[in-house]
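with the input below, show me the fold.
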Amino acid sequence: MKIAVTGPESTGKSWLSKHLAAHYQTLWAPEYAREYVENLDRPYRKDDILTISKEQLAREDEAAEKANTYLFCDTELIVSKIWEVYKYNSCHPWLEKQIRKNRYALYLLCDIDLPWVYDPLREYPHKRRFFFDWFKRELEYYGFPYRIISGGYDQRLGNAIEIIDQYFANNKA
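Below is the predicted model of the structure:
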């Protein structure tokens, strides 16, 4: 089962994905956008978002074949949709279709209660609440099962583990 770890920038998604995978002795799929943008020799463009999204899904599919029970995904396509709409005022139809098609078993929406950590790839420290609310609206719009993960890093991990264990105990596939 794929579990998406999602939310605004600098909310501990990568840290949480990595630590959840270690706890459940499985794999996690890192955010491909970071690798892609770090290797560009120019600013990213609208068409890069689609390229990133397709590769993210391909890497998730590859990791899912090797995962043990869960695969923790350090992002998902709602991130791409929000970014594309915010920066370029449109969403590619492929993205919309794939968001509906590639539904995750559970979405963990990371809250903005962690301190902002500077990173040259992060763009909007002053819009964390704005983006958090947008993520929440999107998850509700699609009717995706989600839980908000709050607290410091260790508390976040404990909360996420408790939520995952309870959610799947109550929602057996």
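
where do the helices sit along the chain?
Using DSSP state H, the helices of the chain run over 13-23, 32-38, 46-64, 77-88, 93-101, 128-142, 153-170.

wait, which of these is closest to Ala4?
helix 77-88 (8.2 Å; Cβ to Cβ). From N, CA and C alone the C-beta is placed, and that goes for glycine too.

make JSON lines out of the helices of the chain and add mean neighbour count.
Converted to JSON lines, those look like this (neighbours: other Cβ atoms under 10 Å):
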{"stretch": "helix 13-23", "mean neighbour count": "19"}
{"stretch": "helix 32-38", "mean neighbour count": "16"}
{"stretch": "helix 46-64", "mean neighbour count": "17"}
{"stretch": "helix 77-88", "mean neighbour count": "19"}
{"stretch": "helix 93-101", "mean neighbour count": "14"}
{"stretch": "helix 128-142", "mean neighbour count": "15"}
{"stretch": "helix 153-170", "mean neighbour count": "15"}
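
enumerate every residue touching Glu84.
Shown in contact with Glu84 (Cβ atoms under 8 Å, 6 or more residues apart in numbering): 46, 49, 90-92, 95.

could you list the low-confidence segments of this protein?
120, 173 (pLDDT under 70).

centre-most residue in it?
The residue lying closest to the centre of the chain (Cα atoms, centre = their mean) is Thr75, at 2.2 Å.

which residue, other than its chain neighbours, is closest to that one?
Leaving aside its sequence neighbours, Thr75 sits nearest to Glu31 (Cβ to Cβ, 6 or more residues apart in numbering; 4.4 Å).

do the same with Pro8
Closest to Pro8 by Cβ to Cβ, 6+ apart is Phe131, at 3.8 Å.

from Met1, how far out is the one you found?
Separation of Phe131 from Met1 (Cβ to Cβ, to the nearest Å): 26 Å.

what of Leu108?
13 Å.

looking at the two, which one has more neighbours?
Shown here are Leu108 and Met1; by other Cβ atoms under 10 Å, Leu108 has more neighbours (26 against 14).

sorry, back to before: quick one: closest of the helices of the chain to Leu114.
Nearest to Leu114, of the helices of the chain and by Cβ to Cβ, is helix 153-170 at 7.4 Å.

and the closest one, how far from the chain's centre?
With Cα atoms, centre = their mean, to the nearest Å as the basis, helix 153-170 stands 16 Å off its chain's centre.

can you list contacts of that helix?
So helix 153-170 is contacted by 1, 3, 12, 15-16, 19-20, 23-24, 70, 105-106, 108, 110, 114, 145, 147, 149-151 (Cβ under 8 Å, 6+ apart).

surely Ser17 touches Phe72?
Yes - contact criterion Cβ atoms under 8 Å: Ser17 and Phe72 qualify, at 4.4 Å.

sounds good, over and out.
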